[in-house]
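# Give me a 3D structure for the following:
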Amino acid sequence: MSLDTFRNWGTPKKIISTVISMLLLNVIVSLLLMLITGMNLDELTNPEVKIKTIALAEKVIINDEVDVISELKGIQSIIKETPPSELNKAFYLFITVNLFSYLGLGLVLIYIFFKEGFKEVLVNNKTPVLFIASVLLAYHIPKLGSDALRLNEYLKLDLFQNWLFNSDLLSDTIKSIGEMIYIMPNDERGYLITFIGICLIPAIGEELLFRGLLMRLFSERTNIHNAIAIQALLFAGVHFNLTNFLYYFVLGVVLGYLYYWGRNIAFPMVVHLINNFLVLFNYFVITTASKASLNNITEEGVFNDAGVYGWMSYLIIALSLGIFYMNFNRNRHIIEK
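Below you'll find the predicted structure:
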């Protein structure tokens, strides 16, 4: 079967095959790795780690005694007391799932479905000011994300998730803390490898698959705004976390417009990469700060969510998106060829 056979498929067939392949690969690779390693990312196999994680989650949720800064310090303490071999096994499982289900699948399908291959995804827009706007946007987008999370709580999507999966807030918090314990750096695996695994690989893979491939395919069947919204819904959905659903959806919409207006997949990749990196950077700042320094660090300051600074973030986000839109308008005659 030649490549032309796949390239001649209708758009609906390409979309369906992409989504099914992504979901199947995610399940198959996870199951195979679980059988090989005897581990599941959703399970805390070390009894002592499980007890300490439950205790920390109870403080966070039930007693409301712990802010985010104290929570991260608690996670660091558990990491230091956990055998690195167990943590690293789960970490590399996480990387492998991402490599196959997103990065690998995206690379293969873009090559198969598009005649010009990666040229159709990258295009030739390398305007320096757009890279600067991408960096500014990425640094301030956590404010947008935190407000999306508040709206998520207001709509009580977390309660719907608990009903849907027969879980509760405590079990969700235990799972969230457990994932952080597995993917954050430890004594054997430093920040560089962690950065590659949780920042670089997901940013490249998810952008290729959702913006580079699926958004382009959806735009062949509907207008671009609908295409951006649909891929953002899929992007939010595959994270299988209704508690953060609106955050992922908003992020997917922003990244979709960056790709459409910028015409280069590198721009949303930069934003996605920095957005992921900020989680790792905040963890580093908090867990390496002295007690005196921690007294001067507030949760709002670290997570870009305070008063006037928060409103400034919205202004900078609007300015960055405006730069992309003006560039798009100025080059519309080239872009829409």
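
# any idea how far residue 269 is from residue 275?
11 Å (C-beta to C-beta, to the nearest Å). C-betas here are computed from N, CA, C, even on glycine.

# Comparing these two, which residue is more hemmed in?
The neighbour count for residue 269 versus residue 275, taken as other C-beta atoms under 10 Å, is higher for residue 269 (23 against 20).

# OK, contacts around the more buried one?
The neighbours of residue 269, taking C-beta atoms under 8 Å, 6 or more residues apart in numbering as the test, are 203-204, 207.

# how many other residues sit next to residue 111?
Based on other C-beta under 10 Å, the number of other residues close to residue 111 is 12.

# still on that earlier bit, can you pick the most crowded of the contacts of residue 269?
Top of the contacts of residue 269 by neighbour number is residue 207, holding 29 neighbours under the definition other C-beta under 10 Å.

# before we move on, the earlier item: now, the contacts of residue 269 that are in strands?
Per DSSP state E, strands hold no members of those.

# which one of those residues sits closest to residue 180?
Set against residue 180, the nearest of those by C-beta to C-beta is residue 203 (18.4 Å).

# any low-confidence regions in the stretch 151-300 of the chain?
Residues of the stretch 151-300 of the chain that meet the criterion pLDDT under 70 lie in 158, 160-167, 289-300.

# now the strands for it?
Counting by DSSP state E, counting those that start in this stretch, the stretch 151-300 of the chain forms no strands at all.

# rewinding a little: as a markdown table, the contacts of residue 269 with distance to residue 116 would be great.
Shown next, in a markdown table, are these (distance: C-beta to C-beta, whole Å):
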| residue | distance to residue 116 |
| --- | --- |
| 203 | 23 |
| 204 | 19 |
| 207 | 18 |
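
# residue contacts, the closest residue to residue 253 other than its chain neighbours?
Spatial nearest neighbour of residue 253, excluding adjacent residues (C-beta to C-beta, 6 or more residues apart in numbering): residue 232 at 4.6 Å. Residues in contact with residue 232, defined by C-beta under 8 Å, 6+ apart, are 248-253, 256.
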